[in-house]
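1. Quick one, fold the following:
(one chain, ligands or ions: 2)
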Amino acid sequence: MADARDPRVVTLGETMALVRATEVGSLRHAPAVALGIGGAESNVAIGLRRLGVDSSWLGRVGDDSLGERVVREIRAEGVDVRAVVDCGAPTGLMVKERPTAASTAVFYYRAGSAGSRLTPGDVTAGWIEEADLLHVSGITALISESGRATLHAAIDRARAAGVRVSFDVNYRSALADPDAAGPKLRALAERADVVFGGAEELVLMFPGDDPDAAARRLLDTGCSQVVLKLGADGATVFQPGTVVEGPGFRIDAVDTVGAGDAFVAGYLSGMLAGLEVADTLGRANTCGAMACLTPGDWEAGPSLRDVEAFQRGDADPVRR
Ligand SMILES: Nc1ncnc2c1ncn2[C@@H]1O[C@H](COP(=O)(O)OP(=O)(O)O)[C@@H](O)[C@H]1O
Ligand SMILES: O=C(O)C(=O)C[C@H](O)[C@H](O)COP(=O)(O)O
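-> Numbering: from 1, shown residues only. Ligands and ions are numbered 1, 2, ... in the order given. Alright, predicted model coming up:
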């Protein structure tokens, strides 16, 4: 792990306790579960840290053991943690079940959670202004009105300070209907420099367009890069005047939840290191694929050494 330096990527959002079935089958009968934590933005912060980029995560947790668990685990990964302890609401919970060997089901228990009560006033002065990049996701916009206000305030501050903004659409159908979510997510995407989304998410923001047309519409509003995530097929980057495609890696996926966050961490780390777009995309696709190889939202996030070993085709990347 690199020496502590000033944070380069700052991110905010909700991180929940994560209860995960350890065996295939309904939780109705599971004799045991594993406890961990997960949240889109902290997953990215941890992924970045593994790849040698300083990162900082800000969010609200409850005044409870699960909140302490969230803070301890993210901090243990070397991420700078700015947690606001909310005495009026519990830490949210996410439950992951594997109904069959080939499927994963996720259930959220986050309505009214501490994490959903984030406000613009929680964001410390200077925290965004001193960063190289602010990363946010659409989840925060849909968990509450104060979350959405916090995102817009954070983007205002980033733009005023000349800090780049990255936005992962991350539509969660449990939080809002597509019709209600689309305009809110689009308003945020149009204010970002880099936008990540799946095909359905791009179309959700621009109903009637196909994903390519939706990506080009975002470029027209001033985004510099739109990254279309395509699951096992890899991803495509749209920039004004160019389109770069990156194929996915052939793997036997164990758990694809968390692949998108690992992909984003890989992409941002390559971008911040000044790699060519094709190499950035190659790193992102590698991180996304590697995240699918083990259960857990972020635990399989690779280091740069792991990425290189995987790209060389080493059968088992070494983990130390
Ligand atoms: N089954 C898979 N095989 C190989 N790579 C995958 C697979 N699923 C996801 N990935 C990688 O992770 C990235 C993100 O996954 P995707 O499913 O598109 O996003 P999300 O998890 O956000 O829905 C993909 O662009 C790809 O690089
Ligand atoms: O914070 C939330 O609402 C979450 O859902 C946490 C998710 O487990 C990750 O964000 C994984 O998402 P993907 O990487 O897109 O598979």
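2. what ranges do the helices span in the chain?
-> With DSSP state H as the criterion, the chain has helices at 40-50, 65-76, 138-143, 145-161, 178-189, 199-205, 211-220, 259-272, 277-291, 304-312.
3. Contacts for stretch 106-126 next, please.
-> Stretch 106-126 has contacts (Cβ atoms under 8 Å, 6 or more residues apart in numbering) with 12-16, 39, 58-62, 67, 82, 84-86, 88-97, 140, 143-144, 146-147, 149-150, 153-154, 157, 172, 174, 257. From N, CA and C alone the C-beta is placed, and that goes for glycine too.
4. ok, and of those residues, which contact ligand 2?
-> Restricting these to those touching ligand 2 (Cβ under 6 Å from any ligand atom) yields 39, 172, 257.
5. Close to ligand 2: what parts of the stretch 151-300 of the chain are there?
-> Neighbours of ligand 2 within the stretch 151-300 of the chain, by Cβ under 6 Å from any ligand atom: 172, 257-261, 297.
6. Intersect these with the contacts of ligand 1.
-> Answer for those near ligand 1 (Cβ under 6 Å from any ligand atom): 259-260.
7. The residues of the stretch 151-300 of the chain next to ligand 2: which two are farthest apart?
-> Based on Cβ to Cβ, the longest span within those runs between 172 and 259 and measures 15.5 Å.
8. Which of these two has more residues huddled nearby?
-> Shown here are residue 172 and residue 259; by other Cβ atoms under 10 Å, residue 259 has more neighbours (24 against 16).
9. Pipe the helices of the chain into TSV and attach distance to residue 23 and mean pLDDT per row.
-> TSV is the format used below for those (distance: least, Cβ to Cβ, whole Å; pLDDT from 0 to 100):
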stretch	distance to residue 23	mean pLDDT
helix 40-50	23	98
helix 65-76	22	98
helix 138-143	28	98
helix 145-161	35	98
helix 178-189	34	98
helix 199-205	31	98
helix 211-220	37	97
helix 259-272	22	97
helix 277-291	21	97
helix 304-312	27	94
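10. Return the most buried member of these.
-> Neighbour counts (mean count of other Cβ atoms under 10 Å) averaged over each of the helices of the chain peak at helix 40-50, with a mean of 29.
11. In the stretch 1-150 of the chain, which residue sits closest to ligand 1?
-> Minimum separation of the stretch 1-150 of the chain from ligand 1 (Cβ to the nearest ligand atom) falls at residue 40, amounting to 8.7 Å.
12. Give the closest residue to that residue in space, chain neighbours not counted.
-> residue 137 (4.9 Å; Cβ to Cβ, 6 or more residues apart in numbering).
13. can you check residue 61 too?
-> Spatial nearest neighbour of residue 61, excluding adjacent residues (Cβ to Cβ, 6+ apart): residue 67 at 3.2 Å.
14. For the stretch 1-150 of the chain, which segments are assigned as strands?
-> 9-12, 16-21, 33-38, 55-62, 80-86, 93-100, 103-109, 133-137 (DSSP state E, counting those that start in this stretch).
15. Next one: the residue of the stretch 1-150 of the chain closest to ligand 1 from ligand 2, what distance?
-> 3 Å (Cβ to the nearest ligand atom, to the nearest Å).
16. shouldn't that residue be in contact with residue 168?
-> Yes - with contact defined as Cβ atoms under 8 Å, residue 40 and residue 168 form a contacting pair (6.8 Å).
17. what do these two both touch?
-> Joint contacts of residue 40 and residue 168 (Cβ under 8 Å, 6+ apart) are 137, 260-261.
18. Same list (those residues) but as CSV, adding distance to residue 231.
-> Putting the shared contacts of residue 40 and residue 168 into CSV (distance: Cβ to Cβ, whole Å) gives the following:
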residue, distance to residue 231
137, 18
260, 9
261, 14
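19. Let me know the closest of these to ligand 2.
-> Set against ligand 2, the nearest of the shared contacts of residue 40 and residue 168 by Cβ to the nearest ligand atom is residue 260 (2.9 Å).
20. give me the residue from the stretch 51-200 of the chain nearest ligand 2.
-> The nearest approach of the stretch 51-200 of the chain to ligand 2 comes at residue 139, 4.6 Å away (Cβ to the nearest ligand atom).
21. Please name the residues that touch that residue.
-> Contacts of residue 139 by Cβ under 8 Å, 6+ apart are 13-14, 40-41, 170, 172, 175.
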